[in-house]
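Enquirer: the following comprises the amino acid sequence and a computationally predicted model.
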Amino acid sequence: MEAIGDPGPAIDAEIVELAARFYHEAGIPPIDVLLNSIGDAVCRPAYVSELWTFYRAHRDRLPPIERDRLERSPLRLLDSKEPAMVELNADAPRITDHLCEACAAHFAGVRAHLDALGVGYRLEPRLVRGLDYYTRTAFEVYPSGVEGQQSALGGGGRYDGLVELLGGRPTPGIGFGIGLDRVLLALEQVGGPRVEEASPVAVVVGADPADTAERLRVATLLRAEGLRARADLGVRKLGRQLEGASRDGAHFAVIVGDELAHGAVQLKDLQAGTQREIPLADLARELKRADAGHRHGRPDPARVD
């Protein structure tokens, strides 16, 4: 989820609310939203310098991996998962105490909008982003009471410097990513609804094993009409392609053969074992009609066999 072009705090709050609502509607148990501001190019360099000085004074307490990070990106030490860093990081300078006036006002605006929306959050000063193009708002979402980066369900933040870094004009942006694998694991742990992959309505196969282009073209046309369809792009005999379509649970196989020269294909009902020629122009409409009757578990009253 990305929102490009708005630099204000209201859009930040909207993005955070969208993320929180997604997890709620997906059936995840209560979540914790962790929130922080990492400043911008005006105030962050001075903070990073102070952070480097702090860690440098405690270098003997740093694990080897963190000593290497110290010279490259002191910010990354703040969210270190090394047990030896927990106590040290509790005493580290907080970036929210070093925000410039503009960043402090923006962060206050984000919190005010979240409060108005009733979105709960917890301020987490150790939540950072190590790359320079990230600015201001940063957030992560966890199952309630769970800590550790590997348990995060998702997160995001503002990246006002990214477009310019890639050669464009300065353009503000904010977004978040959803860890779908972690969502599924979290749902599984609480006995939530299983997410089953829907079988394709049709698999497009071909009499000529090498003619993958036409199979792909027909499948693309069907998908453009909103149908679940895929093309068998393996260079293998028709029989093997039909076997693959059956294993996928497809209701139909669309067979591309010589009929395509006059604008037609063969439509094979894999469950009934019947097959008939149909104009390509009518294919999507016929599949939609047949799929509707199949989904609802009753015969199509308009069909005459």
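Expert: Cool, got the structure.
Enquirer: counting neighbours, what do you get for residue 175?
Expert: Using other CB atoms under 10 Å, residue 175 has 15 neighbouring residues. Heads up, the C-betas are built off the backbone N, CA and C, glycines and all.
Enquirer: from memory it sits against residue 160, does it?
Expert: No. In this structure, residue 175 is not within contact of residue 160 by CB atoms under 8 Å, at 11.7 Å.
Enquirer: buried ones in stretch 16-31?
Expert: Using 16 or more other CB atoms under 10 Å as the test for burial, stretch 16-31 gives 16, 17, 19, 20, 22, 23, 26, 28, 31.
Enquirer: typo on my end, stretch 41-58
Expert: 43, 44, 47, 48, 50, 51, 52, 54, 55.
Enquirer: closest one of those to residue 123?
Expert: Comparing the buried residues of stretch 41-58 against residue 123 with CB to CB places residue 47 closest, at 16.3 Å.
Enquirer: low-confidence stretches in this structure?
Expert: Within the chain, the ranges that satisfy pLDDT under 70 run 130, 147-150, 192-197, 293-305.
Enquirer: residue boundaries of the helices in it?
Expert: According to DSSP state H, the chain carries its helices in the segments 9-25, 44-57, 64-72, 83-90, 101-117, 162-165, 180-189, 212-224, 238-247, 280-295.
Enquirer: most packed of these?
Expert: helix 9-25 (a mean of 19; mean count of other CB atoms under 10 Å).
Enquirer: excluding chain neighbours, give the residue nearest to the residue nearest in space to the middle of the chain in space.
Expert: Closest to where the C-alpha atoms of the chain average out (CA atoms, centre = their mean) is residue 178, at 4.3 Å. Closest residue to residue 178 apart from its sequence neighbours, by CB to CB, 6 or more residues apart in numbering: residue 154 at 4.4 Å.
Enquirer: isn't that neighbour up against residue 186?
Expert: No. With contact taken as CB under 8 Å, residue 154 and residue 186 are classed as non-touching, separated by 10.8 Å.
Enquirer: first to last residue in stretch 266-277, what's the distance?
Expert: Chord length of stretch 266-277, first to last residue, is 4 Å (CA to CA, to the nearest Å).
Enquirer: got the buried residues for it?
Expert: For stretch 266-277, burial by neighbour count (16+ other CB under 10 Å) applies to 266, 267, 268, 270.
Enquirer: return the subset of the residues you listed lying in strands.
Expert: Taking DSSP state E, the ones among those that sit in strands are 266, 267, 268.
Enquirer: my guess is residue 206 meets residue 254, correct?
Expert: No. Checked against CB under 8 Å, the pair residue 206 and residue 254 is beyond contact range at 9.3 Å.
Enquirer: note down every partner strand of the strand ranked longest in the chain and its orientation.
Expert: Assignment by DSSP E gives strand 135-143 as the longest strand of the chain. Looking at strand 135-143 with DSSP bridges, its partner strands are strand 31-37 (antiparallel), strand 154-158 (antiparallel).
Enquirer: distance from the chain centre to the last one, please.
Expert: Read that as strand 154-158. Offset of strand 154-158 from its chain centre (CA atoms, centre = their mean, to the nearest Å): 11 Å.
Enquirer: go on, stretch 244-251?
Expert: Offset of stretch 244-251 from its chain centre (CA atoms, centre = their mean): 28 Å.
Enquirer: again with stretch 258-267
Expert: With CA atoms, centre = their mean as the basis, stretch 258-267 stands 39 Å off its chain's centre.
Enquirer: flag every buried residue along that stretch.
Expert: Buried residues in stretch 258-267 (16+ other CB under 10 Å): 259, 260, 264, 265, 266, 267.
Enquirer: including distance to residue 230, could those go into JSON lines?
Expert: Converted to JSON lines, the buried residues of stretch 258-267 look like this (distance: CB to CB, whole Å):
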{"residue": "259", "distance to residue 230": "21"}
{"residue": "260", "distance to residue 230": "18"}
{"residue": "264", "distance to residue 230": "21"}
{"residue": "265", "distance to residue 230": "15"}
{"residue": "266", "distance to residue 230": "17"}
{"residue": "267", "distance to residue 230": "16"}
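Enquirer: nearest to residue 2, of these?
Expert: Using CB to CB, residue 265 is the member of the buried residues of stretch 258-267 that sits closest to residue 2, with 39.1 Å.
Enquirer: hmm, residue 281 and the closest one touching each other?
Expert: No. In terms of CB under 8 Å, residue 265 does not count as a neighbour of residue 281; the distance is 10.5 Å.
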